[in-house]
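> can't give you the sequence, but here's the structure:
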């Protein structure tokens, strides 16, 4: 904060007009108008596709709008949707699924594997580390439909599945018979984890690479083992990236459902792999019984949005926010 | 600390640490290779399947069930008009996103980096929250916004529900928080001497932005454009939710229709369409590796 004030003072001094600020109210207004000119497209888009839908979602959750009464004026039904949500027979299952999905994927892949990959690829020669990280980026670049197509083939039952063909041949295991319909959660977590891990991996890698080499060398000379160097030097130094990834990924796992929709659609069977975000989407759009329950879907969504926004506040605090919104450098011209 | 000063640097005290290091290294490579096996297998299948009659696991089979059955029949779709229509829609969405996100982020990022105005802090904190927050939850409400936009006379048909323009607009908005933060970061890193000189000489803000600032952030803009193009080219959920039928379908939606509408699914043809769709991505992957790894890291940090 003080730093930014200093910069402001410096800027004013550099222009060489200390008393100028007062007399130019009109000028400042014009600066504001210019700024809003630059901001125009961004503001219009944010208002139309974030702010308005956010408000609309809240309003919708108090109506009974569905494709059955689409043409009629909206009827407000108070908290009936919320009562229906919390007394839904599958509510406990969906809640359990969501918590299980978010934390398993987060701990095993988005944090755990990401950290291991970053540590290992920064410990081997640079070019090779780069190569492995690049391959890990592939799933993220692949269109979701094609990516899920590959996993469906990996997880198909005999004789088409790749896993069931390779396991007995190369590893001597007796088939195992792991397939999508039989162990849907394994595949849901694998597909999402293989996407999620690369994000943390890239962030952790750049954090690890910025650790001064002398620190590591000094520790090695003192006879520290690789494990001690990781535990006592590297991990404490990348504490902030770790926290950042943990909150950021919790948030994105909680609110995204695209890969589950493509892989299992929440099945097989009733709500087996259905998470909260997917329920909201399916209630509103999947016209399974010929009826889109927009209002009920919106109710599921607004509860999740509220939870996500609370998490987002924590995340913004972790983000060294004040540093990022430091005052601009030439506003007083 | 003191030992580091006295002892000669890095003298191994015996054969043991070296052997251990070697083992550690082997373990590291073993782990890394094992970790990428599922990814490589997926692509291997995709490539094998596109030129096979059918596949069992990774093995191509011919009609009699023996190994073999090489065929190019899966690529017959190349002459199908529907796929070129989907390709065109994909391209439209991706290019519209590059232009839209590019303009809104470079203009907005500049103002946020260099100007002081009422609402600046509020806007910055809001985009930061929106960046972390996947907007997929808002799709239900955006559906109603698009229906409303579709009712606007004349332009409504181009930006409403079930139009390529509407899908592109939603996608632009969803990528915008990231774009704005990225561009603000690039502007923040530029020295401002040249800009200040130009402003003192009486140049307008717009001219400064266009003639002095934009050329300097070109690398950043290129990275953002690549990122947005890929996001647009791969877009599935938004086009799937806001379009009906094949006329406005883009490639991922078209592919998904191919999987679910035909029974039994012709997996080999589906694989060929999937690989076809990935051609531009593979070109990017081969030629812009460093840039790709950087944008997927930089995009998240905001600066």
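That came through fine. Quantities reported herein were computed from a predicted structural model and do not represent experimental measurements.

> What's the end-to-end length of stretch A:47-63?
One end of stretch A:47-63 to the other measures 23 Å (CA to CA, to the nearest Å).

> so how far is residue A:94 from the nearest residue to residue A:302 once chain neighbours are set aside?
Among residues not flanking residue A:302 along the chain, residue A:61 sits closest, at 4.7 Å (CB to CB, 6 or more residues apart in numbering or on different chains). For the C-beta atoms, the positions are set from N, CA and C on the backbone; glycine is no exception. Distance check for residue A:61 against residue A:94: by CB to CB, to the nearest Å, it reads 17 Å.

> Could you do residue A:185 as well?
14 Å.

> cool, and residue B:247?
As judged by CB to CB, residue B:247 and residue A:94 stand 35 Å apart.

> out of the two, which sits in the more crowded spot?
Using other CB atoms under 10 Å in any protein chain shown as the criterion, residue B:247 and residue A:94 rank with residue A:94 on top: 19 against 13.

> Please list all residues in contact with the more buried one.
Applying CB atoms under 8 Å, 6 or more residues apart in numbering or on different chains to residue A:94 gives the contacts A:88, A:271, A:274, A:275, A:276, A:279.

> In these, find the pair that's most separated.
A:88 and A:275 (14.3 Å; CB to CB).

> ok, the two, which is more surrounded?
Shown here are residue A:88 and residue A:275; by other CB under 10 Å, residue A:275 has more neighbours (27 against 15).

> nearest residue to that one other than its sequence neighbours?
residue A:98 (4.5 Å).

> Please tell me how far that neighbour sits from residue A:189.
13 Å.

> Including pLDDT and secondary structure, could the contacts of residue A:94 go into TSV?
What follows is those, written out as TSV (pLDDT from 0 to 100; DSSP: H, G, I helix; E, B strand; the rest coil):
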residue	pLDDT	secondary structure
A:88	86	coil
A:271	85	coil
A:274	89	coil
A:275	91	coil
A:276	90	helix
A:279	89	helix
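
> for those, which one is nearest chain B?
Nearest to chain B among those: residue A:276, at 9.5 Å, using CB to the nearest CB.

> where does residue 179 land in three-state SS?
I'll assume chain A. Look at residue A:179: counting by DSSP: H, G, I helix; E, B strand; the rest coil, its state is coil.

> Spit out the contact partners of it.
Taking CB under 8 Å, 6+ apart, one finds A:155, A:156, A:157, A:158, A:161, A:163, A:164 in contact with residue A:179.

> 6 Å instead?
Listed by CB atoms under 6 Å, 6 or more residues apart in numbering or on different chains, the contact set of residue A:179 reads A:155, A:157, A:161.

> which of the residues you listed has the weakest pLDDT?
Lowest pLDDT among the contacts of residue A:179: residue A:157, with 72.

> just checking, that one is part of a helix?
No. Read with three-state DSSP, residue A:157 is coil and lies in no helix.

> Let me see the backbone angles for residue A:71.
When quoted as degrees, to the nearest 10, the phi and psi of residue A:71 stand at phi -70, psi -30.

> Over to residue B:60?
According to degrees, to the nearest 10, residue B:60 has phi -80, psi 140.

> ok, now the one 10 residues further on?
Dihedral angles of residue B:70 (phi, psi; degrees, to the nearest 10) stand at phi -70, psi 130.
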